[in-house]
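A.B. asks: Model the following, please.
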Amino acid sequence: MRPVETRWRTLWTTALAFVLQVIPLPMWLAAVRPAFAVLVLLAWSMVVPQLGGVGLGFALGLALDVWRGAVLGQYALATALIAYIATRQHLIVRNKPVFEQTLFVAGLLLLWEIVVWAIDGWTGHVTGGWTRWLPVLTGAMLWPVASALFAVDGRSRRSAP
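C.D. replies: Numbering: from 1, shown residues only. Model (predicted):
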(Lines give C-alpha, C1' and ligand atoms only; values in the text may rest on other atoms or scores of the structure.)
Protein backbone atom coordinates (compact mmCIF):
# COMPACT_ATOMS: atom_id res chain seq x y z
CA MET A 1 0.00 0.00 0.00
CA ARG A 2 1.28 3.45 -0.86
CA PRO A 3 2.13 5.87 1.98
CA VAL A 4 -0.44 8.47 0.85
CA GLU A 5 -3.14 5.81 0.76
CA THR A 6 -2.17 4.66 4.24
CA ARG A 7 -2.39 8.22 5.59
CA TRP A 8 -5.89 8.66 4.22
CA ARG A 9 -6.97 5.27 5.54
CA THR A 10 -5.58 6.19 8.96
CA LEU A 11 -7.49 9.48 9.00
CA TRP A 12 -10.77 7.97 7.80
CA THR A 13 -10.74 5.04 10.20
CA THR A 14 -9.79 7.31 13.10
CA ALA A 15 -12.58 9.75 12.21
CA LEU A 16 -15.10 6.91 11.97
CA ALA A 17 -13.94 5.51 15.31
CA PHE A 18 -14.28 8.97 16.88
CA VAL A 19 -17.85 9.22 15.61
CA LEU A 20 -18.64 5.77 17.01
CA GLN A 21 -17.09 6.89 20.30
CA VAL A 22 -19.20 10.03 20.71
CA ILE A 23 -22.52 9.11 19.09
CA PRO A 24 -25.33 9.32 21.65
CA LEU A 25 -26.61 5.96 22.88
CA PRO A 26 -29.11 4.90 25.53
CA MET A 27 -27.59 4.82 29.01
CA TRP A 28 -27.58 1.01 29.26
CA LEU A 29 -25.78 0.67 25.92
CA ALA A 30 -23.38 3.55 26.51
CA ALA A 31 -22.12 1.81 29.66
CA VAL A 32 -20.72 -1.10 27.65
CA ARG A 33 -19.55 0.83 24.58
CA PRO A 34 -15.86 0.10 24.00
CA ALA A 35 -13.44 2.94 23.42
CA PHE A 36 -13.52 2.65 19.63
CA ALA A 37 -11.19 5.59 19.10
CA VAL A 38 -8.59 4.13 21.44
CA LEU A 39 -8.83 0.69 19.82
CA VAL A 40 -8.25 2.15 16.36
CA LEU A 41 -5.37 4.22 17.69
CA LEU A 42 -3.79 1.11 19.20
CA ALA A 43 -4.26 -0.82 15.96
CA TRP A 44 -2.60 1.91 13.88
CA SER A 45 0.15 2.31 16.47
CA MET A 46 1.00 -1.35 16.07
CA VAL A 47 0.64 -1.53 12.28
CA VAL A 48 2.11 1.82 11.20
CA PRO A 49 3.66 3.48 14.26
CA GLN A 50 4.83 6.47 12.21
CA LEU A 51 1.21 7.43 11.54
CA GLY A 52 -0.61 6.11 14.59
CA GLY A 53 1.77 7.18 17.31
CA VAL A 54 1.79 9.80 20.02
CA GLY A 55 0.82 12.69 17.72
CA LEU A 56 -2.37 11.02 16.55
CA GLY A 57 -3.06 9.91 20.13
CA PHE A 58 -2.68 13.43 21.45
CA ALA A 59 -4.89 14.91 18.71
CA LEU A 60 -7.53 12.25 19.25
CA GLY A 61 -7.38 12.83 23.00
CA LEU A 62 -7.82 16.58 22.55
CA ALA A 63 -10.84 15.94 20.36
CA LEU A 64 -12.30 13.73 23.11
CA ASP A 65 -11.52 16.44 25.69
CA VAL A 66 -13.41 19.06 23.69
CA TRP A 67 -16.32 16.78 22.87
CA ARG A 68 -16.84 15.54 26.43
CA GLY A 69 -16.15 18.87 28.09
CA ALA A 70 -13.44 17.37 30.26
CA VAL A 71 -10.41 19.07 31.71
CA LEU A 72 -8.38 20.10 28.68
CA GLY A 73 -5.63 17.56 28.29
CA GLN A 74 -7.19 14.78 30.36
CA TYR A 75 -7.96 12.42 27.49
CA ALA A 76 -5.01 13.77 25.51
CA LEU A 77 -2.59 12.69 28.25
CA ALA A 78 -4.15 9.25 28.65
CA THR A 79 -4.37 8.60 24.91
CA ALA A 80 -0.85 9.84 24.17
CA LEU A 81 0.51 7.69 27.00
CA ILE A 82 -0.99 4.46 25.69
CA ALA A 83 -0.02 5.38 22.11
CA TYR A 84 3.57 5.80 23.29
CA ILE A 85 3.57 2.40 24.98
CA ALA A 86 1.98 0.74 21.94
CA THR A 87 4.50 2.24 19.53
CA ARG A 88 7.42 1.31 21.78
CA GLN A 89 6.25 -2.31 21.96
CA HIS A 90 4.77 -2.72 18.48
CA LEU A 91 7.48 -5.02 17.11
CA ILE A 92 7.12 -7.39 20.03
CA VAL A 93 3.34 -7.35 20.40
CA ARG A 94 2.27 -7.71 16.79
CA ASN A 95 4.22 -10.98 16.48
CA LYS A 96 2.37 -12.49 19.42
CA PRO A 97 -0.78 -14.61 19.14
CA VAL A 98 -4.09 -12.77 19.24
CA PHE A 99 -4.76 -13.87 22.83
CA GLU A 100 -1.53 -12.26 24.06
CA GLN A 101 -2.25 -9.14 22.00
CA THR A 102 -5.66 -9.01 23.65
CA LEU A 103 -4.09 -9.12 27.10
CA PHE A 104 -1.69 -6.30 26.11
CA VAL A 105 -4.54 -4.19 24.71
CA ALA A 106 -6.68 -4.88 27.80
CA GLY A 107 -3.82 -3.62 29.96
CA LEU A 108 -3.51 -0.46 27.87
CA LEU A 109 -7.26 0.13 27.97
CA LEU A 110 -7.17 -0.32 31.74
CA LEU A 111 -4.26 2.14 32.00
CA TRP A 112 -6.18 4.63 29.83
CA GLU A 113 -9.23 4.34 32.07
CA ILE A 114 -7.13 4.62 35.26
CA VAL A 115 -5.47 7.84 34.05
CA VAL A 116 -8.84 9.37 33.11
CA TRP A 117 -10.36 8.18 36.41
CA ALA A 118 -7.47 9.62 38.44
CA ILE A 119 -7.71 13.00 36.75
CA ASP A 120 -11.47 13.01 37.30
CA GLY A 121 -10.88 12.35 40.99
CA TRP A 122 -8.13 14.97 41.34
CA THR A 123 -10.25 17.64 39.70
CA GLY A 124 -13.34 16.90 41.80
CA HIS A 125 -15.49 15.41 39.04
CA VAL A 126 -17.72 12.41 39.52
CA THR A 127 -15.61 9.29 39.09
CA GLY A 128 -18.52 6.95 38.38
CA GLY A 129 -19.30 3.50 39.64
CA TRP A 130 -18.25 0.03 38.62
CA THR A 131 -19.80 0.46 35.16
CA ARG A 132 -16.92 2.79 34.31
CA TRP A 133 -14.68 -0.26 33.90
CA LEU A 134 -16.98 -2.19 31.53
CA PRO A 135 -15.56 -0.58 28.35
CA VAL A 136 -12.20 -2.12 29.22
CA LEU A 137 -13.74 -5.59 29.01
CA THR A 138 -15.77 -4.90 25.88
CA GLY A 139 -12.77 -3.30 24.20
CA ALA A 140 -10.63 -6.32 25.01
CA MET A 141 -13.33 -8.61 23.63
CA LEU A 142 -13.46 -6.51 20.45
CA TRP A 143 -9.67 -6.57 19.91
CA PRO A 144 -9.56 -9.86 17.94
CA VAL A 145 -11.96 -8.33 15.39
CA ALA A 146 -9.94 -5.10 15.23
CA SER A 147 -6.75 -7.11 14.94
CA ALA A 148 -8.15 -9.00 11.96
CA LEU A 149 -9.45 -5.83 10.28
CA PHE A 150 -6.15 -3.98 10.63
CA ALA A 151 -3.99 -7.11 10.14
CA VAL A 152 -2.04 -6.55 13.35
CA ASP A 153 0.17 -9.51 12.63
CA GLY A 154 3.84 -9.09 11.89
CA ARG A 155 3.98 -12.44 10.11
CA SER A 156 1.43 -11.43 7.44
CA ARG A 157 3.57 -8.51 6.19
CA ARG A 158 6.76 -10.46 5.68
CA SER A 159 7.66 -10.96 2.08
CA ALA A 160 8.65 -14.33 0.71
CA PRO A 161 12.31 -14.72 -0.34
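
A.B. asks: check contacts around the residue nearest the centre of the chain.
C.D. replies: The centroid of the chain falls nearest to residue 38 when counting by Cα atoms, centre = their mean (1.7 Å). Residues in contact with residue 38 (Cβ atoms under 8 Å, 6 or more residues apart in numbering) are 60, 79, 82, 108-109, 112, 139. C-beta: built from backbone N, CA, C; applies to glycine.

A.B. asks: so how far is residue 124 from it?
C.D. replies: 25 Å (Cβ to Cβ, to the nearest Å).

A.B. asks: name the helices or strands packed onto the longest helix seen in the chain?
C.D. replies: In the chain, taking DSSP state H as the definition, the longest helix is helix 98-122. Counting contacts by 3 or more Cβ pairs under 8 Å, 6 or more residues apart in numbering; DSSP states H and E, helix 98-122 is packed against helix 36-47, helix 74-88, helix 90-93, helix 134-150.

A.B. asks: need the ones you listed in TSV with mean pLDDT and distance to residue 100, can you?
C.D. replies: Formatted as TSV, those follow (pLDDT from 0 to 100; distance: least, Cβ to Cβ, whole Å):
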stretch	mean pLDDT	distance to residue 100
helix 36-47	93	12
helix 74-88	96	14
helix 90-93	93	8
helix 134-150	93	11
